[in-house]
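Colleague: sequence first, then the predicted structure, then my questions.
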Amino acid sequence: MKAAAALVLAALLGAQGAFSLVCWWCDGAESNWGCWRWQWCSDSDNYCATTYVGGGFGGYSSQSISKGCIPVCPQGGVDIGIAAASVKCCSSSLCNISGASSVKTNYLILAVGILASFVYLLGGRL
């Protein structure tokens with residue numbers, strides 16, 4: 001029994017050495033609840049990434065979340081009020097569980113932008 005357990009442990013440790021990174025994976029999920037699969041990364045992949053793209057206008061809003069292994073991290077984000085996009089990276093197994101939530105649609109910025117547009121348009125006609 002102890003020999004079988006030691007053999008299984010050695011096999012797992014050997015596999016862990018060959019594939020050192022495991023990331024959560026999904027492609028175009030509407031929320032984090034659609035991202036519960038694991039992906040074994042290749043030797044060239046150094047990061048787990050979460051990509052968030054979302055937008056909204058009026059009563060309509062949409063978002064897409066993708067997760068997986070990547071070799072180079074293009075981490076960053078942009079939020080223009082009605083649309084937002086971000087990429088978050090991390091470098092330990094299963095670390096990309098969050099939804100890159102630091103960038104989300106901001107309705108206050110959207111309202112200020114629309115108000116500024118109206119003021120600009122009305123100001124040009126006065």
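Modeller: Sure, I can see it.

Colleague: just the strands from this structure, written as ranges.
Modeller: Under the criterion DSSP state E, strands of the chain are mapped to 22-29, 37-40, 47-57, 60-70, 76-79, 83-90.

Colleague: most tightly surrounded among those strands?
Modeller: Greatest average neighbour count among the strands of the chain goes to strand 47-57 (a mean of 21), per mean count of other C-beta atoms under 10 Å. C-beta coordinates here come from the backbone N, C-alpha and C atoms, glycine included.

Colleague: who does it pair up with?
Modeller: For strand 47-57, the pairing partners within the sheet under DSSP bridges are strand 60-70 (antiparallel), strand 83-90 (antiparallel).

Colleague: run through the residues that contact S64.
Modeller: S64 makes contact with 28-30, 52-54 under the criterion C-beta atoms under 8 Å, 6 or more residues apart in numbering.

Colleague: tell me how far it lies from D43.
Modeller: When distances are taken as C-beta to C-beta, to the nearest Å, S64 and D43 turn out to be 29 Å apart.

Colleague: worst-scoring helix or strand of the protein, pLDDT-wise?
Modeller: helix 2-18 (a mean of 44; mean pLDDT, DSSP states H and E).

Colleague: could you measure from the residue lying closest to N46 once chain neighbours are set aside over to G54?
Modeller: Leaving aside its chain neighbours, N46 sits nearest to P71 (5.9 Å; criterion: C-beta to C-beta, 6 or more residues apart in numbering). In this structure, P71 lies at 25 Å from G54, with C-beta to C-beta as the measure.

Colleague: just W24 next, same as before
Modeller: Here the distance between W24 and G54 works out to 18 Å (C-beta to C-beta).

Colleague: first to last residue in stretch 32-47, what's the distance?
Modeller: 18 Å (C-alpha to C-alpha, to the nearest Å).

Colleague: right, and the residue nearest to N46 touches A49 too?
Modeller: No - here P71 does not reach A49: they are 10.1 Å apart, not a contact under C-beta atoms under 8 Å.

Colleague: identify the residues contacting the residue nearest to N46.
Modeller: Applying C-beta under 8 Å, 6+ apart, we find P71 in contact with 44-47.
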